[in-house]
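Participant: show me the folded form of this:
(chains A, B and C)
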Amino acid sequence: MRRFMIRAFFLVVTIAIGVGFVVGAGVLLAQPAPAVQVAEVRGTVQTPQGELPHAFLKLESYPDSMQGFHGPDGGAHPDWVTFGPQTALQVPAHSLVTITVLQHDGGEVITNDYFAKVHGTVDGVAQLNGEPFTQIPPDTVGHTWTLHGIPSPDQDQVFVSVPLQAANEEVVGENGYPVPNEVTFSFYTGDPGLYYWNCEFPCGDGTYANFGGAMSAEGYMAGTFTVL
Amino acid sequence: MTDTAVHQTEDPPAPEPPGWKRPEVRSIALIWLVLTIVGECLVWIPSWLMGPSASTQMDDIKQTMTLFTAMSAPVAAVIWAIMIYSVARWRYTGDEPPEDDAPDFRTNSPVVLLWSILSGVLTLVVFIWGMLKIAAIPAAGGLAALPAGAMPPMVVEVTGNQWVWNFTYPELGNIQSDVLYLPLDRTTLFDVTSADVIHSFWIVEMGVKVDATPGQLTKTDVVPHSIGSFDVRCAELCGLLHAAMETQAKVVTQEEFDAWAQDKGAEVPIEPAAQEEGGA
Amino acid sequence: MRRLNIITAIVFGLIGTIAAHYLATIIFVMPVLEGDAEAPSGLVWLLENRIAFTTMFGWVVGFMIGIGAFSGPVRWVLGKDLTDEEALFLAGKDQGIGRYFRFTTDHKVVGIQYLVITMVLLGVGGTLAMLIRTNLMTPDSAFLGPTTYNTLVGMHGIIMIVATIIMITGPFGNFILPIMIGARDMAFPRLNALSFWLIASVVPVLLSVPFIGGMPTGWTAYNPLADQAPIGMDGFAFTIIVFAISSAVAGANITTTAVKMRTRGMTWTRTPIFVFGVVASVGLAIPAFPTFMAAQVLSGLDRGVGTTFYDASGGGSGWLYANLFWLMGHPEVYVILIPALAALLELTPVFTRRPLFSFKAAVVAISGIVGLSILVWAHHMYISGWAPKLGGPFMLTTEIISIPTGLLFLVFIGTMWRGRIWTRLPMMAVYAMLWNFVIGGITGVYLSDIPADEAMHGSMFVTAHFHYTLMGAALTGTMGALVYWFPKMTGRMFDERLGKWGFWIAQVGFNVTFLGMFMVGFAGQPRRVFNYSEVFATGNFISTMGAYTIGIGMLIFMYVVISSWSRGAIASSNPWKAKTLEWQVPTPVPLENFDVLPIITSDPYGYGRPSPDLAATDQAPKEGASL
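Facilitator: Got it, this is the predicted structure:
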């Protein structure tokens, strides 16, 4: 009996160590919950879909990581391009969302000119420095803000993609970055769900397609979009 | 096919003739029969799990799954029946090895031969079935032949981008969409390529799947036969947001499709005035 | 040489790492800095990869110097070859536990080293599996996040592939096989140690991958996706290159041993079936892994030098990578599966007290699988669009494999037929394997047939299928083999009473996990996704619960391995009353195994007949004593 108890004890200890190892690895590798940028609701707006709350988000895209939330020293990859101030976004369900992006980064030719066009916004247009547009020349794209998800019976198909016109890199503003282009667009949200957004302009690492580095890391050129 | 498998059990690896009269063979045949019946009662499950079908090739695929499951049940049952019976009947428990050994027969050539021939026949059946159905599976066997007098196929250019699909309709003034609109009962030809890495274009309920490879144009086609919304997914790991590289295929009537295409085509592009700011 | 061990290896390895890193920085970066212009970002990328490769190379070379892998060749070149005394030292004579931490040539030491590293890798791979399943327990989980998730999927894959490739041929192929054929050691004992220490040196590189950026590509590391991956990808490519060298060395060694060093009288028909299985496995690895290595060398060149082997815009093709990869990838599953099945074939007669049913059919089946397995690789590419016209031929070769595989099933159930089935844990592994492998095999037939593959390719169905074969059959077989040979390798009995619990809990959990995965696979859930549509929630939850059950079962099993190894009952030299040669030598097995080499007059399956003249023993006639 005593021998049995000892064995049972060590068995439990082994299992505990094993589970502890898994938990430890989980803690080591788990993604810390990112800070969420919640859209600011300013009143309601009359739309063809009725009166909806109007939510606003302001984003910026930087040519490196010295700004935004990666810390004053630029975090692990100071030279990576990044969106900011946060990449985990949250907006209210059944509302009109207006996003303003300050594009500080330059750009080049985009691989697929589909993404030089505006998709999925209200009336299919966006505003560049106050001017409406539905597409920009494919060789002047800085980044894009492209939203999509996993459609299911419980989650709508959502697709919004807006090209962000490259800033003129020769005109430098106060913060040392080029003077930004301001792109504004609006779209409606439906039921609650979890969506993802990313940039479709190949601005990361790699000898091919340049979708590595910042493009393939959450918290830089991609993030979540929670409709709550 | 079930018939072939029946023969298989009537001659399990019995060491001495007349094998099929021995009591253990009869018991095994009974266990086999029970397992087979249970298995055959479950053959509808794969097809049911695969959900609704939206094209004839998906019908073929579901039929294939059901047929293979029906064929598999007796085959699996042979092995499991003999195993279950052997373990139940001839089991020995003890801390020391049994004193008496089992009979020392080393092989049974007729059984080995019969087993090989039967598995050969089953293989052949599966292969012939595959070759017959391959014509309906455009990605792997070439495109399906069009019936005489059918409308020419509509071409859709599919581009996989990290992590978004987009669709271009070259015959409709190059209109573009994030959702795949397809007219009902019309052959659609997909020209699939990729802007970056390898993706795999998959319309789940239509049984359409072909890789999107950079620098290559792969082709497949489909005739959607049901109205509704279906899932378009990416079936090849393509980086960060592979899981979210999903959209929908909407099958609508030809009239609705034409209206949609006209609507899309009517969108007049507006380019921003401040062009000179661009470029780097 | 006498002072070298794993500590010196790590020290030298670290020195090599630092030296190579600085050297690479000087050689590659200085010329760029001397130029006036700022380096273009593409060049920075190439330089990072070059430095990463060189640094890893420095680690492995330093480690191998430190462990003493080059001492022998260097001494030979200098004309001071090892003395007999030194050779005996190298074999680990009179060294106690320390010999397990050195460049020891004794095949039994190498076998134990392989066993330990296999268990460590399986433990790490299993831990990652738990994390993956935890992330997939519910939809929209934010536990790991896509970056980490994708890396862990690839890490789980490659760690398990490496572990399962070595799990039979490493521990048992090295420890058991030479004794089984009546040899005193392997044909090339130093190569044997080299093959192990190459793997040991590169395991830290592999495990560092998640911490140097990861490899969010899956273990297939398809190009051009791999071209975008961080320098973790270099760690993967480097690991594969070293692993391929190791497996080539081990393959040449084991094959030569089995062909040339069987004791007198051991004709091929008297050679145990396990030997055939191991030779088939390592022999198959010899043509298979070089293509994988080549694939990774080209990938490294694309990443570090800027060539365009896989870059469509430079005339390359992702299909080139896919072909090179699967030329290895399909033989590789049989490299894993065959020796595990052969180990079970070896122990089945012992526990049914019957000769192996149709030994020749088993040999034919193994040879058939080996031959066919190098002709089926493109069934992984049916829907790639690479060669639609080859769909039919590859479908045929793939489906023909079911004939030799079916023969193996016949051999198993034929051996059980009218046997005296002694239900010990190794025999239970045979039952479990027969259950799992039937499911794995049949679902393989689905996937081999193009109409079904059209729907199932790239879905969770595939994941479930190959886990049924590689885990349900191969890993289950290895657990049986471990229990079977445990008394000989450790000198102690395996505690089966508790071991059975661990084993069966893991088996039940396994079936729950992968039946859940079949469900979502049929329904159309893609593989390797960090998130999924809510329609798949039920199946994924079932899968995760099953996975935790496997985890508990495996931990119990691991506890039994450790406790039995340290405090189990002392084993007699032949507790199973088996007839193969390894059970006829004393336990613990002496250095050089046999005082007098045996002479063989029959195969080792002579159960069920009076057998004074059949089983070879160490009391064999003296005239066989020279070699």
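Participant: in a strand, A:Gly106, correct?
Facilitator: No. According to DSSP: H, G, I helix; E, B strand; the rest coil, the state of A:Gly106 is coil, so it is not within a strand.
Participant: tell me how far it lies from A:Asp139.
Facilitator: 12 Å (Cβ to Cβ, to the nearest Å). Glycine gets a C-beta too; all of them are placed from N, C-alpha and C.
Participant: more crowded one of these two?
Facilitator: A:Gly106 (19 against 15; other Cβ atoms under 10 Å in any protein chain shown).
Participant: I'd say the more buried one and A:Ala167 touch.
Facilitator: Yes. With contact defined as Cβ atoms under 8 Å, A:Gly106 reaches A:Ala167; the gap is 6.0 Å.
Participant: check contacts around the residue of the stretch 151-280 of chain B found nearest chain C.
Facilitator: Chain C sits closest to B:Gly215 of the stretch 151-280 of chain B, with a gap of 2.5 Å, by Cβ to the nearest Cβ. Applying Cβ atoms under 8 Å, 6 or more residues apart in numbering or on different chains, we find B:Gly215 in contact with B:Thr193, C:Ala312, C:Ser313, C:Ser317, C:Gly318.
Participant: and residue 171, how many neighbours?
Facilitator: No chain was given, so I picked chain A. Neighbour tally, A:Val171, other Cβ under 10 Å: 10.
Participant: sorry, should have said chain C
Facilitator: 25.
Participant: how about the one 5 residues further on?
Facilitator: Neighbouring residues of C:Ile176 were enumerated by other Cβ under 10 Å; the total is 30.
Participant: for it, which non-adjacent residue is closest in space?
Facilitator: C:Glu582 (5.3 Å; Cβ to Cβ, 6 or more residues apart in numbering or on different chains).
Participant: go through the strand or helix carrying A:Thr14 and flag the buried ones.
Facilitator: If you go by DSSP states H and E, A:Thr14 is part of helix A:2-29. Neighbour-count burial for helix A:2-29 flags A:Arg7, A:Leu11, A:Thr14, A:Ile15, A:Gly18, A:Phe21, A:Val22, A:Ala25, A:Gly26, A:Leu29 (criterion: 16 or more other Cβ atoms under 10 Å in any protein chain shown).
Participant: closest to C:Gly385 among those residues?
Facilitator: A:Leu29 (35.9 Å; Cβ to Cβ).
Participant: and the closest one, how close does it get to C:Ala474?
Facilitator: From A:Leu29 to C:Ala474 the distance is 27 Å (Cβ to Cβ).
Participant: repeat for C:Ser358
Facilitator: If you go by Cβ to Cβ, the gap between C:Ser358 and C:Ala474 works out to 22 Å.
Participant: now do A:Val23
Facilitator: Counting by Cβ to Cβ, the gap from A:Val23 to C:Ala474 is 28 Å.
Participant: what are the boundaries of the strands in the chain?
Facilitator: All of this refers to chain A. Per DSSP state E, chain A carries strands over the ranges A:36-38, A:40-47, A:50-62, A:82-84, A:88-91, A:96-103, A:126-128, A:131-133, A:141-149, A:160-165, A:181-188, A:193-198, A:222-227.
Participant: to clarify, I was referring to chain C.
Facilitator: Using DSSP E, strands in chain C cover C:421-422.
Participant: now it against chain B: closest residue?
Facilitator: Closest point on chain C to chain B, by Cβ to the nearest Cβ, is C:Ala312, at 2.5 Å.
Participant: was I right about that residue contacting C:Gly318?
Facilitator: Yes. Using Cβ under 8 Å, C:Ala312 makes contact with C:Gly318 at a distance of 7.2 Å.
Participant: identify the contacts common to those two.
Facilitator: With Cβ under 8 Å, 6+ apart, C:Ala312 and C:Gly318 have common neighbours B:Thr213, B:Pro214, B:Gly215, C:Pro224.
Participant: and which of those residues is nearest chain A?
Facilitator: C:Pro224 (4.7 Å).
Participant: state the pLDDT value of that closest one.
Facilitator: In this prediction, C:Pro224 carries a pLDDT score of 88.
Participant: one more: the one 5 residues further on?
Facilitator: At C:Ala229 the predicted local distance difference test score is 89.
Participant: just to revisit the earlier point, out of the shared contacts of C:Ala312 and C:Gly318, who's the most crowded?
Facilitator: Counting by other Cβ under 10 Å, top hit in those: C:Pro224 with 30 neighbours.
Participant: so what's the residue count around C:Ala481?
Facilitator: Neighbours of C:Ala481 using other Cβ under 10 Å come to 25.
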